[in-house]
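# here are the coordinates; sequence isn't available:
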């Protein structure tokens, strides 16, 4: 079952998974199978590098007590929106916003009316030809969100704008029209409301819940649930940063792959970090020593909050597998985990699905293959 989930290549769908296309997200089916096989309803399950919260959503649906953590404020914003219930009044207000205010978004809105909603630093490169009109449309949308009745409703609408802004700008080779942006935003918001209602209903039936943390995984032991409540995870299911593989967790690429921190502008999050921060090291460092040093610190912290005998299931890729995989396994052992063989004893490998066009041009590189690692806390 785990191998089947790992190699699943169907498009990501279900629950609230399509609220945002977070970089390097893994298959919901893989997360669901890992949670089903290696934990029980009511267990505490941890994802210390949760990204956009794929495992968190699946765990909540399956009745687990999920703890998700990430370095990236964007990831924590998205994960919270995916699992946070809206009141009936909130949902009604968001639906009304999508039906009445979104269709009225216009380029002709006076610049002074949206100036307060444009962050000049976080909108870098959105003045370029294929992006500047959508920049104003996004600013106009953000201005209307302020009228929604609660922070939950506002964050939900921001996430809808974020999702459609990504569709309109990130990696786009042609200009997106205002009409297409408005139509997509209205439709996407209504679809997201329906998806969240389904997850909330499932969550009530299963008893699942989620705690979302923002911080360095090396500091997990300081979180109240682990330090004061003394709880320990029965299962860790995750996908860590990949050694030697550069992923844009914090930027979109617009108008000829120019980088912009626009997602933080739309989500209302702080960033201020370079790519090496989110990737545990610079891809130009051939030795990857910084990566493995940082990785070991986080793995030790993860082991400290994992119950004796608890499992850690992860999916990871390597720029230089023959060199990096043994070093990663050494880190796991040093942190207090022992590798477990399943089935025929062979590790599960898969090709990374959904790669961007410029990555696909490079063909099947080492970093385009991921492996599933199964360990147990000893």
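Good, I have the coordinates. Bear in mind that the values here come from a model prediction, so they are computed numbers and not experimental data.
# helices of the stretch 251-378 of the chain, residue ranges please.
Using DSSP state H, counting those that start in this stretch, the helices found in the stretch 251-378 of the chain span residues 262-267, 275-279, 289-304, 321-335, 357-360.
# run through who's touching the second one.
Okay, so that is helix 275-279. 71-72, 241-242, 245-251, 282, 290-291 (Cβ atoms under 8 Å, 6 or more residues apart in numbering). No exception for glycine: its C-beta is placed from N, CA and C like everyone else's.
# swap the cut-off to 10 Å and go again
Residues from elsewhere that reach helix 275-279 (Cβ atoms under 10 Å, 6 or more residues apart in numbering): 23, 49, 51, 70-72, 74-75, 216, 241-251, 259, 271, 281-285, 290-291, 294.
# inside strands: which ones of those residues?
Judged by DSSP state E, the contacts of helix 275-279 include 70, 259 as members of strands.
# show the buried residues in the contacts of helix 275-279.
23, 49, 51, 70-72, 74-75, 216, 241-251, 271, 281-283, 291, 294 (16 or more other Cβ atoms under 10 Å).
# who's in contact with residue 222?
In this structure, residue 222 makes contact with 213, 215, 216, 228, 301, judged by Cβ under 10 Å, 6+ apart.
# ok, so of those residues, who is nearest residue 190?
For the contacts of residue 222, the minimum distance to residue 190 (Cβ to Cβ) is 30.6 Å, reached by residue 213.
# which elements pack onto the helix or strand that contains residue 46?
Using DSSP states H and E, residue 46 sits in strand 44-47. If you count contacts as 3 or more Cβ pairs under 10 Å, 6 or more residues apart in numbering; DSSP states H and E, strand 44-47 packs onto helix 28-38, helix 54-61, strand 65-70, strand 209-214, helix 224-227, strand 233-238, strand 306-317.
# could you pick out the longest helix of the chain?
Counting residues, the longest helix in the chain under DSSP state H turns out to be helix 178-206.
# give me the buried entries from the contacts of residue 222.
Counted by 16+ other Cβ under 10 Å, these give 213, 216, 301 as buried.
# from residue 273, how far off is the second one?
Read that as residue 216. To residue 273, residue 216 is 12 Å away according to Cβ to Cβ, to the nearest Å.
# overlap in contacts, those two.
Common neighbours of residue 216 and residue 273, using Cβ under 10 Å, 6+ apart, are residue 71.
# tell me the one of the contacts of residue 222 nearest residue 329?
Proximity of the contacts of residue 222 to residue 329 (Cβ to Cβ) peaks at residue 301, which lies at 18.2 Å.
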